[in-house]
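**Q** any chance you can model this:
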Amino acid sequence: MSIKKIVTIGESILRQRANEIDLDEIRTDVFRCLVENMIETMRAAQGVGLAAPQIGINQRVFVAETSAGPIALINPKFTKMSKKTTPYEEGCLSIPGKYGLVRRATEVDIEALTLEDKKITFTAKGFFARVMQHEMDHLDGILFVDRIEEQNRT
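**A** Below is the predicted model of the structure:
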């Protein structure tokens, strides 16, 4: 496995909608290696999440730390988002040194595929819900700085 270079703001891939991943691709050793590299890269950078576009790969997959260890979510989508939101300071591995208050849903329901090619659905709450939304934004070409509340822009 290897640590990959994290793409930083200004690179066009961070502003593109990532491509869906073909089911046959999920089953390949190359794809499994990509996910393992993403986890290693996220941990080396002391992050809690990392989307494929952040390492220059235009695919709809991200990894995140959980209390049970890292997870990889492939072709994820939200099926429900709470109306209740809360602001919290965010940063991003692709925008070093920049932080700002971002208002996000406090709870989200997610549907995705796993590395085992199984469809999963789960509810994320609190900080974990925030991580899911931040990483999903990366898959849609949105950066957290686009969501910073106006009075908190620096």
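**Q** hey, let's count contacts and neighbours off CA atoms from now on
**A** Will do.
**Q** buried residues of stretch 19-39, list them for me.
**A** Counting neighbours by 16 or more other C-alpha atoms under 10 Å, one finds that the buried residues in stretch 19-39 are 21, 26, 32, 34, 35, 36, 37, 38, 39.
**Q** I misspoke; the intended subject was stretch 133-143.
**A** With burial defined by 16+ other C-alpha under 10 Å, the residues of stretch 133-143 counted as buried are 133, 134, 135, 136, 137, 138, 139, 140, 142, 143.
**Q** tell me if I'm right that the last one and residue 137 touch.
**A** The reference is to residue 143. Yes - counting by C-alpha atoms under 8 Å, residue 143 sits close enough to residue 137 to count as a contact (6.5 Å).
**Q** show me which of the buried residues of stretch 133-143 is closest to residue 61.
**A** residue 139 (7.6 Å; C-alpha to C-alpha).
**Q** can you read off the pLDDT for the closest residue to residue 115 other than its chain neighbours?
**A** In this structure, residue 115 finds its nearest non-sequential neighbour in residue 26, 6.4 Å apart by C-alpha to C-alpha, 6 or more residues apart in numbering. Model confidence at residue 26, expressed as pLDDT, equals 91.
**Q** can you offset everything so residue one is 6?
**A** All set: I'll call the first residue 6, so the last point we hit is now residue 31.
**Q** in contact with residue 31, which residues?
**A** By C-alpha atoms under 8 Å, 6 or more residues apart in numbering, the contact set of residue 31 is 37, 120, 122.
**Q** could you pull up phi and psi at it?
**A** As for residue 31, its main-chain torsions (degrees, to the nearest 10) stand at phi -60, psi -30.
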